[in-house]
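**Q** let me see the structure of the following:
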Amino acid sequence: MKLLAALGAVVLGFLAAIGRIALFALETLAQALRPPFYGREFFAALLNIGWLSLPVVGLTAIFTGGALALQIYAGSARFNAEAVVPQIVAIGMVRELGPVMVGLMIAARVTSSIAAEIATMKVTEQLDALVTLSTNPMKYLTVPRVLAGLLVVPVLVGVGDAIGVLGGYAVATGTLGFNGATYIKNTVEFLEPLDVISSLTKGAVFGLSATLMGCYYGMNSGRGAMGVGRATKGSVEGAAILILAANFLLTGVFFSL
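**A** All right, here's what the predicted structure looks like:
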């Protein structure tokens, strides 16, 4: 009975956490639909999430695409099917690796940063100061970051997809002996509009998930340095789990049609 009670407590705690996050998301949506709007915070979030994330996204994508080309070539060589490398690299990067890779990079870089920033503001009573100045902390801090993540992460996913395919192209033509024009032709002809749409849709959902989790854990952090640390760790863990779960669900929705 003690084991069942402990298991039930874990399940109930998990469901309660999901409920709190859902309510936080609904409150964020409600605040986003009402004025005032803080354009300066929104554009600062766009710069931080989008432009400043390009180096890590680009480097990760190009190495991932190159490694994927090598792995597929080594595997397909066992069946004398080396010609499928361009097609598999393209579909692997666009459908799966590109969006998930960018989402996890955003979770590592942006979610942790947002959670630490807002948690530190809570510890230093800056959130209380905003309330004193008749400024809603959710509207001022959460809404601009969530909207920026929703809009800019799909762009990062598109860039990551393109750079990943380019990394596969560079390895295939420079090391594996593929013809460059044929490689590009096979890549373009094999991809379908649904592949690109699914990739960008995943990017929007992942950006929303990553920024929302950063804001949620930051707003609900404990006091002191330990509270900031726990909020930062929890935000990255929560964002990563949410991104992977959403990826599974969206993949099932798009490619079961």
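**Q** Glu192: how many residues sit nearby?
**A** Number of residues near Glu192 (other Cβ atoms under 10 Å) recorded here: 11. C-beta here means a position set from N, CA and C on the backbone, and glycine is covered the same way.
**Q** all the helices of the stretch 51-200 of the chain, residue numbers only.
**A** According to DSSP state H, counting those that start in this stretch, the stretch 51-200 of the chain carries its helices in the segments 54-76, 85-91, 98-106, 112-123, 126-132, 137, 143-174, 180-190, 193-219.
**Q** show me the shaky parts of this protein.
**A** Applying pLDDT under 70 to the chain flags residues 257.
**Q** what's near enough to touch the spatially closest residue to Leu194 that is not a sequence neighbour?
**A** Excluding its sequence neighbours, the residue lying closest to Leu194 (Cβ to Cβ, 6 or more residues apart in numbering) is Phe254, at 6.6 Å. Applying Cβ atoms under 8 Å, 6 or more residues apart in numbering, we find Phe254 in contact with 194, 197-198, 201.
**Q** do that again at 10 Å, thanks
**A** 95, 194-195, 197-199, 201-202 (Cβ atoms under 10 Å, 6 or more residues apart in numbering).
**Q** now the buried members of those.
**A** 95, 195, 198-199, 201-202 (16 or more other Cβ atoms under 10 Å).
**Q** let's have those residues in a markdown table, adding distance to Gly103.
**A** Listed next are those as a markdown table, based on distance: Cβ to Cβ, whole Å:
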| residue | distance to Gly103 |
| --- | --- |
| Arg95 | 13 |
| Asp195 | 17 |
| Ser198 | 13 |
| Ser199 | 11 |
| Thr201 | 12 |
| Lys202 | 7 |
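**Q** return the member of the residues you listed nearest to Val171.
**A** Lowest distance from Val171 to the buried ones among the contacts of Phe254 (Cβ to Cβ) belongs to Arg95, with 19.5 Å.
**Q** out of everything not next to it in sequence, what's closest to that closest one?
**A** Nearest non-adjacent residue to Arg95 (Cβ to Cβ, 6+ apart): Asp195, at 5.6 Å.
**Q** quick one: that neighbour and Gly158 touch, right?
**A** No: Asp195 lies out of contact with Gly158 (Cβ atoms under 10 Å); the separation is 11.9 Å.
**Q** against Pro137, how distant is the residue nearest to Leu194?
**A** Plainly put, Phe254 is 36 Å away from Pro137 if you go by Cβ to Cβ, to the nearest Å.
**Q** nearest to Ala225 among the helices of the stretch 51-200 of the chain would be which one?
**A** Using Cβ to Cβ, the helices of the stretch 51-200 of the chain put helix 112-123 closest to Ala225, at 7.8 Å.
**Q** what angle do that closest one and helix 98-106 make?
**A** 30 degrees (axes from the mean of the first three to the mean of the last three Cα atoms, to 10 degrees).
**Q** measure how helix 112-123 sits relative to helix 143-174, angle-wise.
**A** 160 degrees.
**Q** helices or strands up against helix 112-123?
**A** Counting contacts by 3 or more Cβ pairs under 10 Å, 6 or more residues apart in numbering; DSSP states H and E, helix 112-123 packs against helix 39-49, helix 126-132, helix 137, helix 143-174, helix 193-219, helix 224-254.
**Q** of all those, which one is nearest Gly58?
**A** helix 143-174 (5.2 Å).
**Q** now the closest one: buried residues?
**A** 143-169, 171-173.
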